[in-house]
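> The following comprises the amino acid sequence and a computationally predicted model.
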Amino acid sequence: MKFEQTIRTAAECSGVGLHSGAPVSLRILPAPAGSGIVFRRVDLDGFTVEANSRNVARVSYATSLMKKGVLISTTEHLLSAFIGLGIDNAIVELDNMELPILDGSALPFVNMIEKAGIRTQRRARVYLKMLRELELREGDKFIAVYPAKSYSVSYTINFPHPLVGREEIQVELPDGRYVQDVAPARTFGFIHEADLMRNQGLIRGASTENCLVLDRETLLNGPLRFPDEFVRHKVLDLIGDLALLGRQILGSVVADRAGHAMHTALVSRILRDPTLWEETTLDETSTLMRASSLATANQWT
Ligand SMILES: [Zn+2]
């Protein structure tokens, strides 16, 4: 049986938002079993925004939550770290609208959570177990989830760039590889898109300290942490966006050239159709089998 987990003691960090450029302090606090991940704007009288798909706001270059006009921006890297470390419940306090980008990966969040410690709680973790597949297509973009015994993610990207090109990776989440294989992968951007994005109010906090910056031929701030760091970051983002399901998934997710909008579309399509999945604890199948064999035995005595 797997149980829910929370952070053991409070942990904090500060930095700037990738898109807003605004300074922000963030604090992660333990939360009771069953409460999920809840953001709290301490600069707005502690207004809370739950990390679930009902609160997903506009999604383009980052995933944002919004409730009653209150925004929580760029949630995906922290939520990814929570899934990767198996944190089910936490309160995340912040004093501005966007989470800090830190080094552009989930590693600083992972380190601060591991340093604070992880506490197992007295409630069995309920998983969202896929029973049928769901496939979404949009032009040449694709995302799907298929039934599987555990959570895995495969991702393919194909950027017309000499350093990126076609990259493909598959990551099994339960074997503990998240921290080594996914968390350190940093976000990336193309310098020739930067002016346009800045004019749209994006990437105002981006720098060579928090983002892999590419021009048309090369990487301006190497070295890479992995030869395929770009596709690994897409896996990181996808795991963070799928955290908005509010449950860990038992299923195999496949994405090809998708992005935040398709990731969150998959979340809402899954939740909209309860015939696609069931909720289960990890040893429920064996419990059910025992229960039914007992029932059969009783019939014959
Ligand atoms: Zn990202």
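Right, received. Where do you want to start?
> which residues does residue 162 contact?
217-218 (Cβ atoms under 8 Å, 6 or more residues apart in numbering). Any C-beta I mention is one placed from the backbone N, CA and C, and that applies to glycine too.
> Make residue 1 into 19 and carry on from there
Renumbered: residue one is now 19, and that last one reads residue 180.
> in a helix, that's where it is, yeah?
No. Counting by DSSP: H, G, I helix; E, B strand; the rest coil, one finds residue 180 to be coil, located in no helix.
> I'd like the distance from it to residue 23, if you could.
Distance of residue 180 to residue 23, computed by Cβ to Cβ, to the nearest Å: 43 Å.
> Please apply the same query to residue 33.
Counting by Cβ to Cβ - residue 33 and residue 23 are separated by 25 Å.
> Then residue 39?
Distance from residue 39 to residue 23, by Cβ to Cβ: 33 Å.
> ok, now residue 32?
For residue 32, the distance to residue 23 - Cβ to Cβ - is 25 Å.
> more neighbours, these two?
Neighbours per residue, other Cβ atoms under 10 Å: of residue 32 and residue 23, the larger number sits with residue 23, 21 against 14.
> Quick check: beta-bridge partners of the more buried one?
residue 138 (DSSP bridges).
> Residue 188 contacts residue 172, doesn't it?
Yes. Judged on Cβ atoms under 8 Å, residue 188 makes contact with residue 172 at a distance of 4.0 Å.
> And these two? Which one has more around it.
More crowded of residue 188 and residue 172, by other Cβ under 10 Å: residue 172, with 18 against 12.
> Report the separation between the more buried one and residue 260.
Taking Cβ to Cβ, one finds residue 172 at 13 Å from residue 260.
> Please enumerate the shared neighbours of those two.
Contacts common to residue 172 and residue 260, judged by Cβ under 8 Å, 6+ apart, are residue 271.
> Quick one: neighbours of the nearest residue to residue 277 once chain neighbours are set aside, just the number.
The shortest distance from residue 277 to any non-neighbouring residue, by Cβ to Cβ, 6 or more residues apart in numbering, is to residue 159 (7.4 Å). Neighbour count for residue 159, taken as other Cβ under 10 Å: 14.
> Residues in a beta bridge with residue 159, which ones?
residue 156.
> Do I have it right that it meets residue 279?
No. Between residue 159 and residue 279 there is no contact under Cβ under 8 Å: 9.0 Å.
> I'd say residue 106 and residue 145 touch.
No. Here residue 106 lies out of contact with residue 145, judged by Cβ under 8 Å, at a distance of 10.7 Å.
> for residue 73, phi and psi?
phi -100, psi 10 (degrees, to the nearest 10).
> In contact with it, which residues?
67, 83-85.
> now do residue 288
Per Cβ under 8 Å, 6+ apart, neighbours of residue 288: 146, 148, 152, 163, 263, 294-295.
> mean confidence for the helix or strand containing it?
Here residue 288 sits within helix 278-290, counting by DSSP states H and E. The average of the pLDDT scores along helix 278-290 is 95.
> Quick one: residues in contact with the helix or strand that that helix is followed by.
Where DSSP H and E defines the elements, the next helix or strand beyond helix 278-290 is strand 295-298. Here strand 295-298 makes contact (Cβ under 8 Å, 6+ apart) with 144-149, 265, 268-269, 288.
> By neighbours, which of the residues you listed wins?
For these, neighbours tallied by other Cβ under 10 Å; top is residue 269, 26 neighbours.
> roughly how far apart are the spatially most central residue of the chain and residue 282?
The chain has residue 258 as the residue nearest its centroid, 0.7 Å off, counting by Cα atoms, centre = their mean. Per Cβ to Cβ, residue 258 is found 10 Å from residue 282.
> go on, residue 143?
For residue 143, the distance to residue 282 - Cβ to Cβ - is 23 Å.
> Among the contacts of residue 288, name the ones in strands.
The strands, defined by DSSP state E, take in 146, 148, 152, 163, 295 from the contacts of residue 288.
> Now flag whichever of these is closest to the ion.
residue 163 (19.9 Å; Cβ to the ion).
> Neighbours of the closest one, how many?
Applying other Cβ under 10 Å, I find that residue 163 has 27 neighbouring residues.
> Beta-bridge partners for it, please?
Under the criterion used here (DSSP bridges), residue 163 is bridged to residue 152, residue 271.
> What does the pLDDT read for it?
Note for residue 163: predicted pLDDT of 98.
> who's in contact with it?
Taking Cβ under 8 Å, 6+ apart, one finds 148, 151-152, 267, 269-272, 284, 288 in contact with residue 163.
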